[in-house]
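K.L.:
What follows is a predicted structure for the sequence shown.
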Amino acid sequence: MNELKSDLSVVGKRIPKLDASLKAMGRAEYIQDIKLPGMVYGKILYSSYAHANIIKIDTSKAVALPGVHAVLTGEDIPGKMKMGFYKDNPPIKKGKVCSFRDEVAAVAAKSPEIARKALSLIEIEYEELEGIFDPEKAMKKDSPLVHEKNKTNILKLPWKLHYGDVEKAGEKAAFTVEDRFSTTWVTHCCLGTSGAVALFDANDNLTIYTNTQIPSLAQKDFLEALKAMGLENKRARVIKPVIGGGFGSKLDTYAYEHIAILLAHKCRKPVKLTFDRQEEFKATSTRQPAIIDIRQGCDKNGKLLFRDIKMILDNGAYTSWGATTPSVMMMPVTSLYRVKNVRYSAKCVYTNNTYSQAMRGYGNPQATFAIESSMDMLAEKAGIDPIEFRRINRNHPGDVTPQKFKITTCGLDLCLDTVEKELKENNIKQKGVGIGIASLIHVGGGARIYKSDGCGAILKMDDYGKVDIFTGGTDMGQGLDNITAQIVAEELGLFAEDINVVHTDTDVCPWDVGAHASRSTFVAGNAALGAAKKVKEKLLEFGSKILDADPGDLVLRDRLIFVPGDNEKKMAIDKLLRKAHFSPGGTMLMADFFYDPDNENLGKEFKGNMSMTYTFGVHGVRVKVDVETGKVEVLEYVAAHDVGRAINPLLLEGQVYGGVVMGLGYALTEEVVHKKGKNMNANFRDYKLFTAKDAIKIKAPVLETPDKDGPFGAKGIGEPGCVPTAPAIANAIYDAVGVRIYDLPITPEKVLAALKEKNN
Amino acid sequence: MKAFKYLSPKSVEEAIAFHGRHSETSRFIGGGTDVIVKLKEGWMEPDFLISLKKIKEMGELSKNNATGELSIGAMVTHATLEKSIMIQKEYPIIYDAVSNIGSLQVRNVGTIGGNLINAVPSADGAIPLIALDGVALLHGPDGERSASVKDLFIKPYKTILKPGEILKKITIPPQEPYTGSAYIKFGRRAAMELPLVGIGVLLTLDHARKICKKARICLGVAAPVPMRAFDAEKFLAGKEINEETLVKAGRIAADESKVRDSVRGKAWHRKEMIRVQVKRMGQKCLELIRNNN
Ligand SMILES: Cc1cc2nc3c(=O)[nH]c(=O)nc-3n(C[C@H](O)[C@H](O)[C@H](O)COP(=O)(O)OP(=O)(O)OC[C@H]3O[C@@H](n4cnc5c(N)ncnc54)[C@H](O)[C@@H]3O)c2cc1C
């Protein structure tokens, strides 16, 4: 374990976001701000039905409209151009539509108005088919099929594990609980809506501006798209403008990007395709709804004996990364608390609903809602205080969980103590007021989902003591640029503002698997640190020659290189750099580094140490329930996390605050309402995202348990903030008024209905 | 959004005349918080927008101390009402309603007149003005007329205003002593929220502060247009106001409401909220009356 070094000068400091002033002044350039010479505007036409055959499409009027440069239908899409993790989704559909968000045509025109007008001139004849919107019904033999050729709506995915013997453990259990929980669609609500600008050079090489979280994997997708278009051996350059929020929504490539590429190629002009808010709600992916059956049991002393979970996930009509979230749900299922006997299975089912995607937590919030609600119910049955019950079963440093996760640092006990103290201080029992807690485990040291979990960095120093670092890691608003700058500045004895972080362009930045799995601080941070260490070594070596000192005695700090206590042996770093450069046989200081963590892909039976380290946390909440209206008011919120080390406590708290508010929306208000596959609330009036006025005061104790593998001891903290919020709230409501809500969001209607049922 | 011309007449007569010349293709605009949304969505495509902002008299808020009559110009913004000490003290029901409309930015430009004429079932501004027996002063090509605010609404998005007619102001008759009034928007969020139901209650008691002389119970989103719960009002008149009578009034109001299921909320819950909130607002009125005297 790393010692907590207190002599750090940049790491651990509350340095505001380096781009804060740009954003505050409206100078940050988002995809909406990109304008290129000769650029035209793309627009997509969506299906009018949830499930229908396309009998006829007539685009002649649209083609004839002055100002229209290109019109595409499913017929124009190369057969091999398919999107998503299952490659079941062409960018424009042909023959049949399977959801309201299915793309049926697209146009490029001189102005957005003309493009819109052109869409209205496209005539389509449909033959409506019976739709299927309930995943449980979709699993039945006689259900209509979303994709006939599959002969079933159930996806062939391997999500099934059984460690130990759940049946046998069940017989031994003194107390058992069994319940069904469910969650619904919520969406990312990025304030910056989606969009792309695509253009080809004269040699058919593609440049695409797009706000993606996965520049390197997107590049791969776009190269495959080019290949499908018959453009082999071409280049695809991905440029990221400033991203107005990701939260997982940009972990795949989408129809709008592929359509922009196709339109740009057809009309030989840059094509810009951006979403308005309504389109953002209707045509981007959601968190996947889950139906969760859970059974858990413990012995008479409260020791967990088994956990048995079955899930049904509404996949929607096509398959993006949402279908792979069970691989992450397994983590809390097998490894949140010590439990030897675990069984888990998940079925992803096609329906004619919108398709889901990654969203902050990647399945963990759904699984944790069921597990942590059930934990409270089991504690009650066993007659044990819920916090004590968790303490009995908590994970310990050095544990290897049934899924073969190696727990290195683990501050779960510390988090439990901290939250308990906060909640139980001045806890006067009042009518309608109650407290609840819930814990979390999440990957904190990368996550080997893909073949590589790596990230590259290239670093160069100039003659003025400034650094440019080209990193694969993506800043999408979460502040990775700061983290990178602080790590490099610390290592090289500079200030954070001396470091220019470039992460925007695949032509200059090395590979990275993507901004997901709370991995960027850990993985991209280690990549930056690796490159900085190499340069530091050169600096010290050169400094030792010039200053005639032992490299081991030299310190880099405050833009100086010096031997502490020796005033003679001191020089400004920029001066040293110039000496290095402008001497015979001169040299520039540069280095590259590729960091691929020593974690493992999930292997046989889904076993393997997926992450280098795991982040733990406990959320505690005090709520007040209005028993006449069912309304829940959050009075107090504590979110304690074991973060390894806070590279920047200000940003870390920001991640936690944002996560908690997102979690509160998930728990209490947010829901994409679908009626037979149709989005009924595609606006911020009816999609109840928390407003500033709804946001509550959150205490976010930062508990440091420096991790030996993290950069300066840091673990990932991007997602945890929204993971255990919903069960903490549900548990507090139960404590307050004795009703248990099994279905998210916990609306006043549901609470009041449960209260009425209880009182009858 | 279709292009349009923006006109800024300085008097009501001028505005009506402008409208008369292009009656099919022009629209009045107040703060524009409803109009601009409709333009952008393409639900409305006028060639001319006639702004009422420069008409000074329409932006005035005043109380005649001799008669006790309150006059609210149609162009008075929600923020102006919210910040007025006189409104806060003497017309708490108006304050309750306007201070929770949309957001600060919306309240800064949105007007009370626009709120009424937009005529949605959820208009927060309408409920208190109905409870206060407000009277709308209209001015059109055929001259002036007045109507009680309660009778302005025909159906969602439709009022009794004739083409070219302008809502000039709303007057509120003097309030009797021992009067209390309160409004609540019941919704799921603290801001940027349409009410699931909006409930306004006004009670006037006798000098002993016991017996109800007058009751107004007004409901938003309980029917296609803002409505008064006449049965509940009748029930309370002449009775002693206490927990029991208020509970009963709540139940009667809930029963006479015509709430419906929608994407936003279920009818049964709306009904429950009317029941509970009529009682609570009644209790708040009682508190106000007791604290004021
Ligand atoms: C984000 C947002 C949040 C909102 N939140 C709420 C809320 O919480 N509660 C609520 O009740 N409303 C809300 N609204 C709706 C709107 O802000 C209010 O109804 C507002 O009072 C409308 O006033 P305005 O001056 O902006 O009307 P405008 O948009 O200018 O006009 C509305 C309609 O009235 C007509 N009109 C305006 N003034 C006159 C007049 N004097 N005579 C004749 N016709 C006239 C116009 O032609 C138009 O048809 C919200 C709107 C937005 C955009």
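P.N.:
In hand now; what should we look at?

K.L.:
Every contact and neighbour count from this point should use C-alpha atoms.
P.N.:
OK.

K.L.:
Run through the bridge partners of A:A105.
P.N.:
For A:A105, the beta-bridge partners are A:L45, A:T73 (DSSP bridges).

K.L.:
That one and A:E75 touch, don't they?
P.N.:
No. Between A:A105 and A:E75 there is no contact under CA atoms under 8 Å: 9.5 Å.

K.L.:
Tell me the span between the first and last residue of stretch A:186-195.
P.N.:
20 Å (CA to CA, to the nearest Å).

K.L.:
contacts for it?
P.N.:
A:30-32, A:210-211, A:243-249, A:256-257, A:272-277, A:280-281, A:285-288, A:359, A:666, A:670-672, A:689 (CA atoms under 8 Å, 6 or more residues apart in numbering or on different chains).

K.L.:
Equivalent analysis for stretch A:564-580, please.
P.N.:
The contact list for stretch A:564-580, computed with CA under 8 Å, 6+ apart, reads A:461-466, A:542-543, A:547-549, A:553-555, A:559-563, A:586-589.

K.L.:
ok, the residue of the stretch 551-700 of chain A found nearest the ligand - contacts?
P.N.:
Relative to the ligand, the nearest point of the stretch 551-700 of chain A is A:R685 (7.4 Å; CA to the nearest ligand atom). Residues in contact with A:R685, defined by CA under 8 Å, 6+ apart, are B:M192, B:E193, B:L194.

K.L.:
Would you check how far apart the first one and chain A are?
P.N.:
Going from B:M192 to chain A by CA to the nearest CA, to the nearest Å gives 7 Å.

K.L.:
That residue contacts B:G102, correct?
P.N.:
Yes. Look at B:M192 against B:G102 with CA under 8 Å: they come within range, at 4.1 Å.

K.L.:
Would you reformat the contacts of A:R685 as a markdown table and include secondary structure?
P.N.:
What follows is the contacts of A:R685, written out as a markdown table (DSSP: H, G, I helix; E, B strand; the rest coil):
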| residue | secondary structure |
| --- | --- |
| B:M192 | coil |
| B:E193 | coil |
| B:L194 | coil |
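
K.L.:
Can I have the buried ones of the residues you listed as a PyMOL selection?
P.N.:
Of those, the buried ones can be selected in PyMOL as follows, counting by 16 or more other CA atoms under 10 Å in any protein chain shown:
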select buried, chain B and resi 192+193+194
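
K.L.:
With distance to A:L703 as extra columns, can I get the contacts of A:R685 in JSON lines?
P.N.:
Putting those into JSON lines (distance: CA to CA, whole Å) gives the following:
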{"residue": "B:M192", "distance to A:L703": "36"}
{"residue": "B:E193", "distance to A:L703": "37"}
{"residue": "B:L194", "distance to A:L703": "41"}
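
K.L.:
May I have the phi/psi pair for A:A730?
P.N.:
The phi and psi values for A:A730, taken as degrees, to the nearest 10, are phi -60, psi -40.

K.L.:
which parts of chain B sit against chain A?
P.N.:
Neighbours of chain A within chain B, by CA under 8 Å from any CA of the partner chain: B:188-194, B:263-264, B:266, B:269, B:272-273, B:276.

K.L.:
Show the low-confidence segments of chain A, by residue range.
P.N.:
A:1-6 (pLDDT under 70).

K.L.:
Centroid-wise, who is the farthest residue in chain A?
P.N.:
Distance from the C-alpha centroid of chain A peaks at A:E568, with 51.0 Å (CA atoms, centre = their mean).

K.L.:
Mind checking what secondary structure it has?
P.N.:
The assignment at A:E568 comes out as strand when based on three-state DSSP.

K.L.:
give me every residue that touches A:A228.
P.N.:
Contacts of A:A228 by CA under 8 Å, 6+ apart are A:P78, A:G79, A:K80, A:M81.

K.L.:
State the distance from the third one to chain B.
P.N.:
Yep, that's A:K80 we're talking about. In terms of CA to the nearest CA, A:K80 sits 37 Å off from chain B.

K.L.:
for the first one, same thing?
P.N.:
Shown here: A:P78 relative to chain B, a distance of 34 Å by CA to the nearest CA.

K.L.:
Tell me the secondary structure at that residue.
P.N.:
coil.

K.L.:
doesn't A:L226 make contact with it?
P.N.:
No. Shown here, A:P78 and A:L226 do not form a contact pair, counting by CA under 8 Å, at 9.8 Å.

K.L.:
Neighbour count for the two, which is higher?
P.N.:
Neighbour tally, A:P78 and A:L226, criterion other CA atoms under 10 Å in any protein chain shown: the higher count belongs to A:L226, 25 against 18.

K.L.:
before we move on, the earlier item: could you tell me which of the contacts of stretch A:186-195 belong to helices?
P.N.:
A:Y256, A:E257, A:R277, A:E280, A:F281 (DSSP state H).

K.L.:
Pretty sure the second one sits against A:L206.
P.N.:
Think A:E257. No. Contact criterion CA under 8 Å: A:E257 and A:L206 do not qualify, at 11.9 Å.

K.L.:
buried residues in the top helix by length along chain B?
P.N.:
Ordering each helix of chain B by length in residues (DSSP H) puts helix B:267-292 first. Neighbour counts over helix B:267-292 (16+ other CA under 10 Å) mark B:267, B:269-286, B:288-289 as buried.

K.L.:
Let me know whether A:T484 touches A:V501 as I believe.
P.N.:
Yes. Counting by CA under 8 Å, A:T484 touches A:V501, with 7.2 Å between them.

K.L.:
Show the contacting residues for A:F522.
P.N.:
A:F522 sits in contact with A:G444, A:G445, A:G446, A:G710, A:P711, A:A714, A:K715, A:G716, where contact means CA under 8 Å, 6+ apart.

K.L.:
and the last one, what does it touch?
P.N.:
If I follow you right, that is A:G716. A:G716 touches A:V443, A:G444, A:G445, A:G446, A:S518, A:R519, A:S520, A:T521, A:F522, A:T615, A:V643, counting by CA under 8 Å, 6+ apart.

K.L.:
I'm done for today, thanks for sticking with me.
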